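A.B. asks: Curious how this folds, go ahead:
(one chain, ligands or ions: 1)
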Amino acid sequence: MAGAKRRKSGTDRPTSVVTGGVGFLGSYLVELLLERDHQVVAIDNLVTGNVDNVAHLAGHRNLRFIHQDVTEFLFLDGPVDYVWHFASPASPIDYLDLPIQTLKVGSLGTHKALGLAKHKRARFLLASTSEIYGDPLVHPQSEDYWGNVNPIGPRGCYDEAKRFAEAMTMAYHREHGIDTRIVRIFNTYGPRMRLNDGRVVPAFISQSLHHRPLTVFGDGSQTRSFCYCSDLIEGIYRLMMSDTDQPVNLGNPHEMTVLELAQEIIRLTGSRSKIVFKPLPLDDPKQRRPDITRAKKLLNWQPKVSLVTGLDKTIAYFRKKILG
Ligand code: UDP
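C.D. replies: Just a heads-up that it's a prediction; the model follows:
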């Protein structure tokens with residue numbers, strides 16, 4: 001694989017830096033990299049990340065944790081082979097609550113992470129998002145669609161920060177010859193999401209387990225396509241080790257309405273909850289489904305975990321959190 005040729009640490013073990021390494025997805029990535037025998041440096045300011053996500057890895061001889069905001073200058077001793085830039089609030093309620101930090105981590109944080117990659121001659125991967133397509137007018141979304149984003153709406157801070165981050169990544173690629181990768185992550189779920197994260201899967205599971213009404217926004221006809229975390233992380237690893245500098249969508253193309261998701265979660269939890277309808281937040285995308293043709297072709301990747309299997313695992317995690 002490409003990684004074997006790029007090794008600089010003088011050992012067989014490549015060094016990976018993961019920003020946001022304590023967050024929901026960052027922590028799974030750290031775990032996978034340790035399993036694949038990387039030396040890992042996880043950087044996180046713990047604003048939305050939670051140390052519980054990596055508590056089971058504490059003391060691992062190949063893992064080092066740095067408590068730092070990645071918008072500050074990143075200084076690291078020694079060689080680095082890969083920089084995985086995952087730091088950012090990612091839930092709509094988080095980035096509504098932290099709009100300036102969201103803009104700063106997507107812009108200044110991406111600049112610092114790219115600077116680190118440039119200094120170390122490391123390969124860089126940006127965790128981008130389906131949000132760069134905004135409320136899409138093309139369906140399903142393929143990588144050559146440029147999107148329909150409201151820059152001044154409530155989601156603008158996240159969408160535009162990630163669009164800036166993609167532009168910055170390509171500028172470093174073109175200007176400085178940095179080896180770069182861009183993954184556009186579609187809705188992903190699984191254990192380690194926060195109970196109060198606000199995203200639809202933890203919200204509905206938590207409401208179901210408490211037998212409280214499930215809050216469906218709008219009439220619930222908006223669609224999403226949900227990918228289980230382990231599928232996503234495997235795709236991201238393959239992308240980093242691939243040869244493509246083009247953006248790649250990763251997500252599960254199985255599309256459903258939010259109302260269908262609510263009904264499925266009530267069924268799987270055996271809950272007595274009813275459904276209540278609440279106002280649809282401004283600029284909430286009406287439809288979203290990844291076209292994963294590129295990922296299939298270039299990475300030989302497609303999701304394996306079915307919605308029922310993934311939800312069962314996630315429900316078991318939340319049940320333990322809530323009910324002990
Ligand atoms: N949603 C909902 N009830 C909730 C939370 C979210 O109906 O309690 C809807 C939300 O309006 C959106 C979809 O579920 O249409 C997915 O929302 P999420 O916050 O998970 O992420 P998004 O895909 O909007 O970034």
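A.B. asks: What are the boundaries of the strands in the stretch 101-250 of the chain?
C.D. replies: Listed in chain order, the strands of the stretch 101-250 of the chain (DSSP state E, counting those that start in this stretch) span 123-129, 180-185, 188-189, 214-217, 223-225, 227-228, 247-250.
A.B. asks: is the ligand contacted by the first one?
C.D. replies: It refers to strand 123-129. No: contact of strand 123-129 with the ligand (CB under 6 Å from any ligand atom) is absent, the minimum separation being 8.3 Å. Heads up, the C-betas are built off the backbone N, CA and C, glycines and all.
A.B. asks: hang on, isn't Met168 packed against Gly109?
C.D. replies: No: contact criterion CB atoms under 8 Å: Met168 and Gly109 do not qualify, at 10.2 Å.
A.B. asks: what about the two, which has more around it?
C.D. replies: A direct count of neighbours by other CB atoms under 10 Å for Met168 and Gly109 places Gly109 higher, at 27 against 19.
A.B. asks: residues contacting the more buried one?
C.D. replies: Going by CB atoms under 8 Å, 6 or more residues apart in numbering, Gly109 touches 19, 69-71, 85, 87-88.
A.B. asks: Restricted to strands, list these.
C.D. replies: Counting by DSSP state E, the contacts of Gly109 place 19, 85 in strands.
A.B. asks: Could you tell me the end-to-end distance of stretch 212-230?
C.D. replies: 29 Å (CA to CA, to the nearest Å).
A.B. asks: Show me which residues of it are buried.
C.D. replies: Residues 214, 216, 220, 222-230 are the ones in stretch 212-230 that count as buried (16 or more other CB atoms under 10 Å).
A.B. asks: just stretch 25-44 next, same as before
C.D. replies: The neighbour-count check on stretch 25-44 (16+ other CB under 10 Å) flags 25-34, 38-44 as buried.
A.B. asks: Restricted to helices, list those.
C.D. replies: 25-34 (DSSP state H).
A.B. asks: Show me the shaky parts of this protein.
C.D. replies: Residue ranges of the chain with pLDDT under 70: 1-10.
A.B. asks: just the residues of it that are near the ligand, which are they?
C.D. replies: So far as CB under 6 Å from any ligand atom goes, the chain lies against the ligand at 92, 187, 198-200, 203, 215-217, 222, 224, 258, 281, 284.
A.B. asks: Mind telling me the two of the residues you listed farthest from one another?
C.D. replies: Asn187 and Thr215 (17.1 Å; CB to CB).
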